[in-house]
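# What follows is a predicted structure for the sequence shown.
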Amino acid sequence: MLVHAIPTNATYEFAADVRDGLTRRGQKELPSKYFYDDVGSALFEVISRLPEYGLTRADERLLRRHADEIVDRLAGPVAVAELGSGSGRKTRWLLEALGRRQRTFYYPVEISRSALAMCERELSDIDAISILGFEREYLDGLLEVAACRKPGQHLLVLFLGSTIGNFDRPAGVKFLTEIRRILESDDSLLLGTDLDKPRVQLLRAYDDELGVTAAFNLNLLARINRELDANFDLGQFAHAPKINREARSVEMHLRSKCRQTVNIPAAELKVELLEGETIWTESSHKYLAEEIFQIARDAGFRCEEQWIDQQWPFAENLLIAE
Ligand code: AVI
């Protein structure tokens with residue numbers, strides 16, 4: 001696979017974001033997009049196979065069952081851009097269905113080089129599909145994909161796995177609106193959204209028995225140690241997920257087990273943490289199936305069709321750019 005490599009001073013941006021999040025007045029925060037270095041991407045792959053975390057399997061089941069129906073609803077010919085492809089495993093069904101109809105370009109957009117490599121290993125055997133990866137932030141990558149569009153060709157954007165849930169609700173609508181601005185009328189967006197569930201089930205999904213999600217969360221501090229020369233003592237932090245009923249989300253935090261000072265030289269920062277104080281690392285918003293229709297409208301799309309998994313409530317939503 002050809003890959004357009006990342007062009008930015010990524011370490012500098014990482015240091016600036018860490019500094020910004022850890023010097024906030026009140027709740028300290030770190031952006032969840034930094035979970036996905038090579039170690040974090042591999043840990044997420046494991047999470048997606050855990051019995052407690054049904055989200056990825058539900059997404060995959062829906063795509064496997066409905067791939068032909070989804071493809072039938074698309075104005076053709078199409079090129080496919082996937083924002084955050086991960087390993088690419090769940091995309092296979094759609095690409096196979098598209099490949100039966102036409103030769104198709106597939107453009108995975110990922111900030112993780114190792115995830116792009118996994119994606120190519122997973123999908124390169126599918127007939128009639130050409131893969132060109134972009135190691136980019138989502139919207140930068142999508143802009144470049146849109147610039148490769150051939151006359152008369154439509155774009156199908158995939159934003160699967162409920163990654164939208166890692167934005168807060170207004171930021172999610174803003175992100176979809178930005179996608180819409182890059183698209184043309186009748187282009188489409190297949191959006192995966194995890195639906196709300198009982199509290200116990202949600203807590204188990206984000207605090208599995210093996211401790212993989214805890215390792216995924218702690219790896220963010222380990223990454224700051226590796227890349228910004230920091231001295232976080234991982235043994236002095238505990239994985240602390242909690243349910244935010246008002247926001248309808250699961251929050252992941254890292255709780256400091258003692259009063260401590262951490263040095264982060266590359267961010268020119270010394271952070272003081274109190275015993276029990278937390279660093280908020282991620283929110284995973286959960287949706288009601290009916291609210292997706294309004295979210296789509298607010299962002300300039302119409303929700304043409306929705307498929308729901310009964311085993312693990314999850315919705316695949318086909319949005320058409322108006
Ligand atoms: C990628 N994203 C949708 C996952 C989620 O469920 O929010 C990331 C994750 N965090 C903890 N477990 C999985």
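Nice, I can see it.
# looking at this, Leu319 is in a helix?
No - secondary structure of Leu319, determined by DSSP: H, G, I helix; E, B strand; the rest coil: strand, with no helix assignment.
# Quick check: beta-bridge partners of it?
Legend: beta-bridge partners of Leu319 under DSSP bridges are Leu189, Cys303.
# What parts of the stretch 101-250 of the chain come near the ligand?
With C-beta under 6 Å from any ligand atom as the criterion, the stretch 101-250 of the chain meets the ligand at residues 161-163, 165-166, 206, 213. Every residue, glycine included, has its C-beta placed from N, CA and C.
# Just to be careful, could you list which of these are in helices?
Members of those lying in helices (criterion: DSSP state H): Thr213.
# can you put the residues of the stretch 101-250 of the chain next to the ligand in JSON lines and add pLDDT and neighbour count?
Below are these laid out as JSON lines (pLDDT from 0 to 100; neighbours: other C-beta atoms under 10 Å):
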{"residue": "Gly161", "pLDDT": "97", "neighbour count": "24"}
{"residue": "Ser162", "pLDDT": "98", "neighbour count": "22"}
{"residue": "Thr163", "pLDDT": "97", "neighbour count": "21"}
{"residue": "Gly165", "pLDDT": "98", "neighbour count": "22"}
{"residue": "Asn166", "pLDDT": "98", "neighbour count": "19"}
{"residue": "Tyr206", "pLDDT": "98", "neighbour count": "22"}
{"residue": "Thr213", "pLDDT": "99", "neighbour count": "24"}
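# quick one, phi psi at the residue of the chain found nearest the ligand?
Per C-beta to the nearest ligand atom, Ser284 is where the chain lies closest to the ligand, at 3.4 Å. The main-chain torsion angles of Ser284 are listed as degrees, to the nearest 10 and equal phi -120, psi 100.
# Name all residues that make contact with it.
Shown here is Ser284, whose contacts under the criterion C-beta atoms under 8 Å, 6 or more residues apart in numbering are 162, 165-166, 194, 206, 249-252.
# again, only using 6 Å
Contacts of Ser284 were listed using C-beta atoms under 6 Å, 6 or more residues apart in numbering, and they are 165, 249-250.
# just curious, which of those is nearest to Met118?
Of all the contacts of Ser284, Met118 sits closest to Gly165, with 22.1 Å by C-beta to C-beta.
# Next, count neighbours for the closest residue to that closest one other than its chain neighbours.
In this structure, Gly165 finds its nearest non-sequential neighbour in His285, 4.2 Å apart by C-beta to C-beta, 6 or more residues apart in numbering. Other residues within reach of His285 by the criterion other C-beta atoms under 10 Å amount to 21.
# where exactly do the helices run in the protein?
Counting by DSSP H, residue ranges of the helices within the chain are 10-22, 38-47, 55-72, 92-101, 113-123, 138-147, 169-182, 199-205, 212-228, 291-298.
# Run through who's touching the fourth one.
Okay, so that is helix 92-101. With contacts defined as C-beta under 6 Å, 6+ apart, helix 92-101 is touched by 63-64, 67-68, 71, 104, 106, 126-129.
# Noted, bye for now.
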